[in-house]
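# Structural data only, the sequence is not supplied:
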Ligand SMILES: Cc1ncc(COP(=O)(O)O)c(C=O)c1O
């Protein structure tokens, strides 16, 4: 039989980089083990919340196991009502449940929206690793808008206006991830308002990926784009990050006020065609995750503060290393590390791309796993990496925070040392790697 052929766009898509890093680590581990190396590996690649799923959610899931029937493609009404109330409580968003649709994770919702909404997509770079492969699979056009370190990797409205003015004048979709994976940047209300004005003027819709909204360290500083530009914004969010239930695969989207009925019906049509509905037991269980609940609120507040402490510690430690510049995250659990100052040394060691930088960091004996700038849509020769600071035991760290809440900056450092030895030791390994890169 001939080799089985696949469509061209599938060949264009590579294995998602967070998974690729996992495979690379497994391979390196094997190599090391056969050579007798017992050094540990630093897992700074995979961006998963390290915390436990709250019993209130797992219990609700067990209790809804008998809900084995098919359900509404756009999501059951009880859940959409709970999500509407949740958005009012946390983000001041007034949303009719008919403007809310549910999907199997926000990744799938974003993919579905890219498929439904006409127009080229504008992706700021660096970006989350998930958008570009979806656009390739859909054979859709996109434009890369490069973010600048001197602007904290945030879109400057005047530069954005110049950028969109040069594109054709039909509808576009801007992906706005706030707080931002991979830099941890956060937009102020004023910045969002200025950006919304440009979007209104140039017929740009916004896909506001706000999956890390409740992981904004100073939550009073978070504004949802849905409150600023309701007529043109799709707001996506879900259970994966602040409630640590990525495997539940449940996300939601608030549709723009413009054409809401038509878009809701198109969304429903596509969802019903492709996957029928999100798992019904998960939808019933998720009602609990969105209903007012003190325990969940406390969990979100504690976990976001632990992210702040870990991020502040590690980004500063790495930034203190000669040749490396890091961002200072204001939300989520990533920072971006810029290695470009080391370019001459890297090239001397035959490290020509950020992917090779990733391989070098992972090589023995350094063992530091990161997601490379290339995966985040930077130019391949831009030496950058995304650092996910979640390599610690979430449950015991959570309990320690509850029992001995750190009160001062030195308490916070002690807290990191006590709970996250791999985070602490990664800096030592990175220093050794820099020494190696600079050596002759
Ligand atoms: C910026 C961003 N958007 C979306 C997602 C996807 O989240 P979900 O688990 O809801 O599909 C992630 C997950 O890593 C993310 O980092």
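Happy to help now that I have it. Predicted model, so just to flag it, every value in this text is computed and none were measured.

# Only C-alpha atoms from now on, for both contacts and neighbour counts.
OK.

# Can you tell me how far residue 102 is from residue 320?
43 Å (Cα to Cα, to the nearest Å).

# Show the average pLDDT along the helix or strand where residue 299 lies.
When elements are assigned from DSSP states H and E, residue 299 belongs to helix 294-319. Helix 294-319 shows a mean pLDDT of 98 in the predicted model.

# can you give me the strands in this structure?
In the chain, the strands defined using DSSP state E lie at 42-43, 100-103, 120-125, 142-146, 172-177, 204-209, 233-238, 251-254, 325-326, 334-338, 368-369, 371-372, 384-388.

# which outside residues touch the third one?
Contacts made with strand 120-125 from outside it, assessed by Cα atoms under 8 Å, 6 or more residues apart in numbering, are listed as 114, 131, 140-147, 155, 171-176, 376-378.

# and residue 102 and residue 320? which has more neighbours close in?
Shown here are residue 102 and residue 320; by other Cα atoms under 10 Å, residue 102 has more neighbours (31 against 14).

# OK, contacts around the nearest residue to that one once chain neighbours are set aside?
Nearest residue to residue 102, sequence neighbours excluded (Cα to Cα, 6 or more residues apart in numbering): residue 252, at 4.4 Å. By Cα under 8 Å, 6+ apart, the contact list for residue 252 reads 100-103, 105-106, 109, 236-238.

# what helices or strands is the helix holding residue 299 leaning on?
strand 325-326, strand 334-338, helix 394-403, helix 409-419, helix 421-438 (3 or more Cα pairs under 8 Å, 6 or more residues apart in numbering; DSSP states H and E).

# now the contacts of strand 120-125: which count as buried?
Buried by 16 or more other Cα atoms under 10 Å: 114, 131, 142-147, 155, 172-176, 376-378, out of the contacts of strand 120-125.

# Nearest to the ligand, out of the helices and strands packed on helix 294-319?
Taking Cα to the nearest ligand atom, strand 334-338 is the member of the helices and strands packed on helix 294-319 nearest to the ligand, at 9.3 Å.

# quick one: that closest one to helix 294-319, angle?
10 degrees (axes from the mean of the first three to the mean of the last three Cα atoms, to 10 degrees).

# Can you name every helix or strand that strand 334-338 contacts?
Strand 334-338 packs on helix 294-319, strand 325-326, strand 384-388, going by 3+ Cα pairs under 8 Å, 6+ apart.

# Swap in 10 Å and give it another go.
Helices and strands touching strand 334-338, by 3 or more Cα pairs under 10 Å, 6 or more residues apart in numbering; DSSP states H and E, are helix 294-319, strand 325-326, strand 371-372, strand 384-388.

# ok, residue 178 - contacts?
154, 184-188, 208-213, 216, 222-225, 331-332 (Cα atoms under 10 Å, 6 or more residues apart in numbering).

# Mind checking which of the residues you listed land in helices?
residue 225 (DSSP state H).

# near the ligand, which of the contacts of residue 178 show up?
Checking the contacts of residue 178 against the ligand by Cα under 6 Å from any ligand atom, the ones in range are 209, 211.

# Which among the contacts of residue 178 count as buried?
154, 184-187, 208-213, 216, 222-225, 331-332.

# before we move on, back to that, out of the helices and strands packed on helix 294-319, which comes closest to residue 193?
Closest approach to residue 193 among the helices and strands packed on helix 294-319 (Cα to Cα): strand 334-338, 25.1 Å.

# how about the closest one against the ligand, any contact?
No. On the criterion Cα under 6 Å from any ligand atom, strand 334-338 is out of touch with the ligand, staying 9.3 Å away.

# Likewise for stretch 235-247?
Yes. Judged by Cα under 6 Å from any ligand atom, stretch 235-247 and the ligand are in contact via 238, 240, 246.

# So which bits of the stretch 201-350 of the chain are right by the ligand?
Neighbours of the ligand within the stretch 201-350 of the chain, by Cα under 6 Å from any ligand atom: 209, 211, 238, 240, 246, 251.

# ok, now with 8 Å
209-212, 237-241, 246-247, 249-251 (Cα under 8 Å from any ligand atom).

# Please tell me which one of those residues counts the most neighbours.
Going by other Cα under 10 Å, residue 238 tops those with 31 neighbours.
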